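Undergrad: Provided below for reference: sequence and predicted model.
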Amino acid sequence: MVSFQTPLPGNLHAAMGQFIEQHPQWDQYRLMQAALAGFLLQNGVQQRDLTRRYISSMFGRRG
């Protein structure tokens, strides 16, 4: 299991906050899942579950 807690640079934190304000169907968890899954896929990790997570995060809706 990977667990982390890290401070974000101010400009990255502000950009995330602005994005979430403008897209209320997104929250910080969905945004981080999409970002991490996208990064891993772009860097050669090939797992169906990861691909599903990325697609779900990007195109799914939270109700």
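TA: Done, it's in. Numbers count the residues shown, from 1 in each chain.
Undergrad: Run through this structure and note the low-pLDDT ranges.
TA: 1-3, 61-63 (pLDDT under 70).
Undergrad: need the longest helix for it.
TA: helix 28-42 (DSSP state H).
Undergrad: Now the next helix or strand after that helix: buried residues?
TA: Downstream of helix 28-42, the first helix or strand assigned by DSSP states H and E is helix 48-59. By neighbour count on 16 or more other CB atoms under 10 Å, the buried set for helix 48-59 is Arg53, Tyr54, Ser57. (Each C-beta comes from the backbone N, C-alpha and C, glycine too.)
Undergrad: Tally up the residues packed near the closest residue in space to the last one that isn't next to it in sequence, please.
TA: Meaning Ser57. In space, Ser57 comes closest to Ala34 once its chain neighbours are excluded; the distance is 3.7 Å by CB to CB, 6 or more residues apart in numbering. By other CB atoms under 10 Å, the residues close to Ala34 number 19.
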